[in-house]
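Undergrad: Test case, fold it:
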Amino acid sequence: MIDHIGFAVSDLGRARQFYESALRPLGIAPMMEVTEEMTGGHGEHLGMGREGKPFFWIGTAKRASGSAHVAFVAVDRAAVDAFHAAALAAGGGDNGAPGLRPEYHPGYYAAFVLDPDGNNIEAVFHDAAAG
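TA: Numbers count the residues shown, from 1 in each chain. Prediction:
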């Protein structure tokens, strides 16, 4: 089980705006900020999560080459749809409209967007009723 995940972004303010909007429909919100001074010069970071637990981190530390992929659990299909709409409205790029992805499993309902840095962000609902 993963405790948390994080990756570098080129502009923390822009990324924060994008993720706050895109992840709000999934119940994920900013929870913790870490300054450059607190990290000893290793960038500033924002922890997002729910229920008191920041599990998704973005920051200005040195960026690895390539892009990242992260998938967030949605409570239902409507939350996937709302995530996709919110992410596009916040400046994200469409990388796969909401819909079933039976190639993964019969009830895999997901949407994909590209964040401002080109990372592939997904919201997924595992619909047991569709299987």
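
Undergrad: Can you give me the buried ones in the lowest-mean-pLDDT helix or strand in the chain?
TA: Between all helices and strands in the chain, the lowest mean by mean pLDDT, DSSP states H and E belongs to strand 5-8, at a mean of 90. Within strand 5-8, the residues that qualify as buried by neighbour count (16 or more other CB atoms under 10 Å) are Gly6, Phe7, Ala8. (C-beta placed from N, C-alpha, C; glycine too.)

Undergrad: and the second one, what are its bridge partners?
TA: Looking back up the chat, that one is Phe7. Ile58 (DSSP bridges).

Undergrad: Kindly indicate whether Arg16 is helix, strand or coil.
TA: Per DSSP: H, G, I helix; E, B strand; the rest coil, the secondary structure class of Arg16 is helix.

Undergrad: now do the one 4 residues further on
TA: Classification of Glu20 using three-state DSSP returns helix.

Undergrad: Share the number of residues neighbouring it, please.
TA: 16 (other CB atoms under 10 Å).

Undergrad: who touches it in this structure?
TA: Ala29, Pro30, Met48, Ala90 (CB atoms under 8 Å, 6 or more residues apart in numbering).

Undergrad: Where do the strands of the chain begin and end?
TA: Under the criterion DSSP state E, the chain contains strands at 5-8, 29-34, 45-50, 53-59, 69-73, 93-100, 108-114, 120-126.

Undergrad: any chance of these in TSV, with distance to Asp81 too?
TA: Converted to TSV, the strands of the chain look like this (distance: least, CB to CB, whole Å):
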stretch	distance to Asp81
strand 5-8	24
strand 29-34	19
strand 45-50	19
strand 53-59	20
strand 69-73	14
strand 93-100	5
strand 108-114	7
strand 120-126	9
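
Undergrad: Nearest to His84, out of these?
TA: Set against His84 and scored by CB to CB, these come closest in strand 108-114, at 3.8 Å.

Undergrad: And the residue nearest to Gly93 when sequence neighbours are not counted, how far from Ala90?
TA: Leaving aside its chain neighbours, Gly93 sits nearest to Leu114 (3.9 Å; criterion: CB to CB, 6 or more residues apart in numbering). When distance is defined by CB to CB, to the nearest Å, Leu114 is 12 Å away from Ala90.
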